[in-house]
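**Student:** Just to be clear, the model below is a prediction. Sequence and coordinates:
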Number of protein chains: 2
Amino acid sequence: MNEQLDTFDLRLLQELQKDGRLTNNELGERIALSPSQCSRRRTRLESEGYIRGYQANLDRQKLGLDMLVVISVTLATHNRDNARRFSQLVNGLPEVLEAYALTGEMDYHLKIATRGLAGLSRFVNDVLLPHESVQHVKTSIVLDTLKTFEGLPVPASGSSHGDSSR
Amino acid sequence: MNEQLDTFDLRLLQELQKDGRLTNNELGERIALSPSQCSRRRTRLESEGYIRGYQANLDRQKLGLDMLVVISVTLATHNRDNARRFSQLVNGLPEVLEAYALTGEMDYHLKIATRGLAGLSRFVNDVLLPHESVQHVKTSIVLDTLKTFEGLPVPASGSSHGDSSR
DNA sequence: AAATGCATGCAAGGTGCTTGCATTCTTCAT
DNA sequence: ATGAAGAATGCAAGCACCTTGCATGCATTT
């Protein structure tokens, strides 16, 4: 990996993380660069993989997904086959927003969104628990969202990391 | 709330969730609608709040954020002031990607990203634990990401929910 | 000091966005 | 049934934006 990010790149990433539909004109105004250079740098950052894509941020509540839930899952047995089966399960379930394998006593954490308690109950009792790979689940309902993902912490523009020779 | 979503709206949201920089032309091809109508519907969905914004999706690893961690936090005392102080704390910490108040024994779940174990250690020992509101934390490192958030489950296009009169 | 390699800004050709307008479709009342 | 009203649609034009070639300037190296 040879590529290095300079201050312009970092600020560009930061701005696009805040608003992914900025035009190169607007971007240029914010980071003090010409639209053409924004276009070039953006293209480079995309092809080098720093930018993985762009997504619209939808309103969960307005789509009727009023329940946000964290589920801790313990697998029945801890062999590789079981882990693979569980991975395939969660990847096929649209309610599952994120799924992580963790250190500690609980094997997995799932973040899921459903419509009401009915949807949650259906998910846990009809989908999750009956699956062969699952032994035990612990359901924690999200009461309040203190902070929601607004992007990764991009290193301060004009700091360490990366060189500033460009 | 008066607005209803028809099939076109739902598919439009779905496509924009997959690629937030789709042009109205491309969008029109995918949902079989003219670019002008895509433009109008998109504008409406934005102003009505179904679309909260657009974000670039950055590569966590390439930014050097190799540690992804879930931290369970118990507050020292369970009064409102303490909850408010804790909320202010996490909102000021860029390493904290998401923060939820949960039902169950553990009060809060934080998802954080840091550079290496050193960054994690610094975060937990120098920032989180010294804070007056925090009593106890349990740190779980993410070993594997089975599924990452790619968007909310938009109800199947051509199903229940919403009317199809438009 | 000369030369090479980049990054930059400008400008032009091409693409895409958006709004007015006429048409079609649906719905509702007579 | 029939007519009217409202809404959604596609088309087209004016406008904004994107991108690439090109010449310039800066920095580093030999």
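**Tutor:** Arrived safely, thanks for sending.
**Student:** any idea where the strands of chain A begin and end?
**Tutor:** Assigned by DSSP state E, the strands in chain A fall at A:51-58, A:67-75, A:96-102, A:108-114, A:134-147.
**Student:** just the angle between the fourth one and strand B:96-102, please?
**Tutor:** In this case it means strand A:108-114. Taking axes from the mean of the first three to the mean of the last three C-alpha atoms, to 10 degrees, strand A:108-114 and strand B:96-102 form an angle of 70 degrees between their directions.
**Student:** which outside residues touch strand A:108-114?
**Tutor:** Strand A:108-114 is contacted by residues A:60, A:65, A:67-75, A:86, A:90, A:93, A:95-102, A:120, A:122-123, B:70, B:140, B:146, B:149, B:152-153 when judged by C-beta atoms under 8 Å, 6 or more residues apart in numbering or on different chains. Heads up, the C-betas are built off the backbone N, CA and C, glycines and all.
**Student:** now swap in the second one and tell me
**Tutor:** Under the contact criterion C-beta under 8 Å, 6+ apart, strand A:67-75 has outside partners A:60, A:82-83, A:86, A:105-117, A:119-120, A:124, A:128, A:133-142, A:145, B:100, B:102, B:109.
**Student:** and that strand, C-alpha only, in PDB?
**Tutor:** Extracted C-alpha coordinates of strand A:67-75, given in PDB (Å, rounded to 0.1, in the frame of the first residue of the first chain):
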ATOM      1  CA  MET A  67     -37.900  -1.000  17.300                       C
ATOM      2  CA  LEU A  68     -34.100  -1.000  17.400                       C
ATOM      3  CA  VAL A  69     -32.700  -3.900  19.300                       C
ATOM      4  CA  VAL A  70     -29.300  -5.400  20.300                       C
ATOM      5  CA  ILE A  71     -29.300  -9.200  20.500                       C
ATOM      6  CA  SER A  72     -26.500 -11.200  22.100                       C
ATOM      7  CA  VAL A  73     -26.300 -14.600  20.700                       C
ATOM      8  CA  THR A  74     -24.400 -17.700  22.000                       C
ATOM      9  CA  LEU A  75     -23.900 -20.500  19.500                       C
END
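**Student:** Give the buried residues for it.
**Tutor:** Across strand A:67-75, burial judged by 16 or more other C-beta atoms under 10 Å in any protein chain shown covers A:67-73, A:75.
**Student:** which one of those residues sits closest to A:Glu29?
**Tutor:** Here the nearest of the buried residues of strand A:67-75 to A:Glu29, counting by C-beta to C-beta, is A:Leu68; it sits at 36.5 Å.
**Student:** separation between the closest one and DNA strand C?
**Tutor:** 32 Å (C-beta to the nearest atom of the strand, to the nearest Å).
**Student:** Equivalent analysis for A:Glu95, please.
**Tutor:** A:Glu95 sits 31 Å away from DNA strand C when distances are taken as C-beta to the nearest atom of the strand.
**Student:** count of residues packed around that residue?
**Tutor:** The burial count assigned to A:Glu95 is 22, neighbours taken as other C-beta atoms under 10 Å in any protein chain shown.
**Student:** Was I right to think it contacts B:Leu152?
**Tutor:** No - in this structure, A:Glu95 is not within contact of B:Leu152 by C-beta atoms under 8 Å, at 9.6 Å.
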